[in-house]
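A.B. asks: fold the following for me, if possible:
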Amino acid sequence: QVRLVESGGGLVQAGGSLALSCAASGSVARLGAMGWYRQAPGKQRELVAHSTDIGGTNYGDSVKGRVTISVDNVEKTGWLLMNGLKPEDTAVYYCHAVLTPVASEIPKEYWGQGTQVTVSS
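C.D. replies: Numbers count the residues shown, from 1 in each chain. Model (predicted):
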């Protein structure tokens with residue numbers, strides 16, 4: 001079964017760093033665009049970072065300069081490196097990607113299961 005598997009969340013002190021990973025699992029022919037989103041309690045899901053299938057990147061205004069997205073299309077894995085974390089970065093972080101399964105050869109959007117990031121003050 002094709003899916004995205006996230007790891008790397010946890011508890012960190014303000015000012016600290018955290019790295020999240022998102023790996024495509026199953027028979028995947030191709031990883032296209034990938035993004036990271038987050039949702040805090042009572043708030044809408046918002047963009048954190050996005051990488052296009054040709055390597056272009058863009059970042060949410062609230063995290064710009066503090067996070068970096070990287071993607072390895074061969075390993076079909078992406079990472080989100082976060083520095084200078086603030087309590088307001090506390091949220092569930094979701095990865096999102098366009099995967100092309102081997103079986104269908106049709107690109108489709110997938111979401112990871114989400115990973116909790118908690119930043120203490």
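A.B. asks: pLDDT weak spots in the protein?
C.D. replies: In the prediction, the chain carries no residues with pLDDT under 70.
A.B. asks: Val102 touches Arg30, doesn't it?
C.D. replies: No. Judged on Cβ atoms under 8 Å, Val102 makes no contact with Arg30 at a distance of 9.2 Å. C-beta: built from backbone N, CA, C; applies to glycine.
A.B. asks: neighbour count winner among those two?
C.D. replies: The neighbour comparison of Val102 against Arg30 (other Cβ atoms under 10 Å) goes to Arg30, with 15 against 11.
A.B. asks: is it fair to say that one lies in a strand?
C.D. replies: Yes. Secondary structure of Arg30 (DSSP: H, G, I helix; E, B strand; the rest coil): part of a strand.
A.B. asks: grab the nearest non-local neighbour of it.
C.D. replies: Thr100 (4.1 Å; Cβ to Cβ, 6 or more residues apart in numbering).
A.B. asks: quick one, what contacts that neighbour?
C.D. replies: Val28, Ala29, Arg30, Gly32, Ile106, Pro107, Lys108 (Cβ atoms under 8 Å, 6 or more residues apart in numbering).
A.B. asks: ditto for Arg30
C.D. replies: With Cβ under 8 Å, 6+ apart, Arg30 has these contacts: Asn73, Leu99, Thr100, Pro107.
A.B. asks: which one of the residues you listed has the most neighbours?
C.D. replies: Leu99 (22 neighbours).
A.B. asks: touching, that one and Ile106? I think so.
C.D. replies: No. If you go by Cβ under 8 Å, Leu99 and Ile106 don't touch, sitting 10.0 Å apart.
A.B. asks: ok so, going back, overlap of the contact sets of Val102 and Arg30?
C.D. replies: Counting by Cβ under 8 Å, 6+ apart, nothing touches both Val102 and Arg30.
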